[in-house]
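Visitor: no sequence for this one, just the structure:
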């Protein structure tokens, strides 16, 4: 982020004068100016939990349904899964079922359609599937069709668009990559929109619905691609760009948030990634962060829930299966809500910038103060009472920190700049 805004920040350097005191003051101005630029465009990730109730896993699916986040199936270190878990906050997880009616599987897809959750295809003990299942509660699952009209597959993608469920690409039982497109208005009867879309056959790509179009991103064979395609009917596909700003990759995820499309992590030619990119047109891409605080990964999931972007689990390399959960409010997420008087009046930091410690004024008697760095990592936790109003961060390096409290449910309220004198 500093590189991105360095040209804008250079203007502060012209204030530096020969005398030592003025150099110190202007250095503070320079850092504070850069921090304001970082603050204006920062993307902070907060860890909801490093150990969710479900086992660490990859190739699972996640949807937002019935005011809950759901994690469905996948593969943990030991076996394929057919469980379903849900959470209302990303921290506390409840198992809806440990053994759904559909067989244990990975590389399937899930969607929310017709007020139900759906599971489509996937890999069941090395056997590719083309069955379709649905549930209105995550406990009781019913088979809509088995087999469906589309060929068995895994590592495909599904979206809901124009009141239909869509199936795109993937890998068939002969390990052939696919570029066909299918749709259904009931999950039972399926129609082939095209058997060969304009985009090359691929698996482990990402797909979203945005601007009244279906979009797909990257994936494919080896090396993976970084092209972007869209269609308004599933038949005719147009290439927005054959070389997006992010590197060619597979195992990444995509979501739509804040009127933008987002690409999250994955694996490129050089290995696992933990960068996050966004675009409002599919052509021009901007890196929101390449150091989000969570480890690089692929085969994770992402979802929009509670007006936040969430990532869940995935493979972090060296045989590490994750079951951590992180969330972000996107760009400019560290801002006080001016329409919420309670939040606006909650916290005041004096002084700011600081060298080691600051006084904290709250309109409560007791609280636990949380200090996050720019990567969204919790770096300090302090009990705040009427007898202890000072927060000491002298042991932390110089930089920008964001201050929250447990009482405010981890909403970022204020920022502080630390500069050792």
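Guide: Sure thing, it's come through. None of these values were measured; they are calculated from a predicted model.

Visitor: residue boundaries of the helices in the protein?
Guide: 2-9, 20-41, 341-344 (DSSP state H).

Visitor: rank the ones you listed by mean pLDDT and give me the bottom one.
Guide: Looking at the helices of the chain, the lowest mean pLDDT belongs to helix 2-9 (a mean of 29).

Visitor: next up, the contacts around residue 418.
Guide: By CB atoms under 8 Å, 6 or more residues apart in numbering, residue 418 lies in contact with 353-356, 393, 396-401. Any C-beta I mention is one placed from the backbone N, CA and C, and that applies to glycine too.

Visitor: make a markdown table from those and add pLDDT and distance to residue 379 to it.
Guide: Below are the contacts of residue 418 laid out as a markdown table (pLDDT from 0 to 100; distance: CB to CB, whole Å):
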| residue | pLDDT | distance to residue 379 |
| --- | --- | --- |
| 353 | 73 | 17 |
| 354 | 74 | 15 |
| 355 | 74 | 17 |
| 356 | 78 | 15 |
| 393 | 84 | 8 |
| 396 | 87 | 6 |
| 397 | 87 | 9 |
| 398 | 84 | 13 |
| 399 | 81 | 10 |
| 400 | 80 | 12 |
| 401 | 81 | 7 |
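
Visitor: quick check: the farthest pair among the residues you listed?
Guide: For those, the farthest-apart pair by CB to CB is 356 and 400; their separation is 15.6 Å.

Visitor: closest one of the contacts of residue 418 to residue 159?
Guide: Checking the contacts of residue 418 against residue 159 by CB to CB gives residue 400 as the nearest, at 37.7 Å.

Visitor: for the closest one, name its beta-bridge partners.
Guide: residue 417 (DSSP bridges).

Visitor: that one: neighbour count?
Guide: A count of nearby residues for residue 400, using other CB atoms under 10 Å, gives 21.

Visitor: same question, residue 239
Guide: Quick note: residue 239 (other CB under 10 Å) scores 13 neighbours.

Visitor: likewise for residue 77?
Guide: 11.

Visitor: same question for the one 4 residues further on.
Guide: Summarising burial for residue 81: neighbours were counted as other CB under 10 Å, giving 24.

Visitor: what bridges to residue 158?
Guide: Taking DSSP bridges as the rule, residue 158 bridges to residue 167.

Visitor: residues contacting residue 256?
Guide: Shown in contact with residue 256 (CB under 8 Å, 6+ apart): 208-210, 262, 304.

Visitor: tell me the spacing between it and residue 263.
Guide: Residue 256 sits at a distance of 11 Å from residue 263 (criterion: CB to CB, to the nearest Å).

Visitor: show me where the stretch 151-300 of the chain has its strands.
Guide: 157-161, 164-171, 177-184, 191-194, 206-210, 213-219, 225-231, 238-241, 249-250, 253-257, 260-268, 271-279, 286-289 (DSSP state E, counting those that start in this stretch).

Visitor: what's the closest non-adjacent residue to residue 248?
Guide: Spatial nearest neighbour of residue 248, chain neighbours left out: residue 226 (4.1 Å); criterion: CB to CB, 6 or more residues apart in numbering.

Visitor: what of residue 289?
Guide: Leaving out its chain neighbours, the residue that sits closest to residue 289 by CB to CB, 6+ apart is residue 43, at 4.6 Å.

Visitor: now residue 102
Guide: residue 133 (4.6 Å).

Visitor: how many neighbouring residues does that neighbour have?
Guide: Applying other CB under 10 Å, we find 24 residues neighbouring residue 133.

Visitor: ok, so what distance separates it from residue 126?
Guide: For residue 133 relative to residue 126 (CB to CB), the value is 20 Å.

Visitor: cool, residue 191 as well?
Guide: Relative to residue 126, residue 191 is positioned 29 Å away (criterion: CB to CB).

Visitor: again with residue 180
Guide: Using CB to CB, residue 180 is found at 22 Å from residue 126.

Visitor: tell me what the spatially closest residue to residue 215 that is not a sequence neighbour is bridged to.
Guide: Excluding its sequence neighbours, the residue lying closest to residue 215 (CB to CB, 6+ apart) is residue 230, at 4.7 Å. For residue 230, the beta-bridge partners are residue 215, residue 238 (DSSP bridges).
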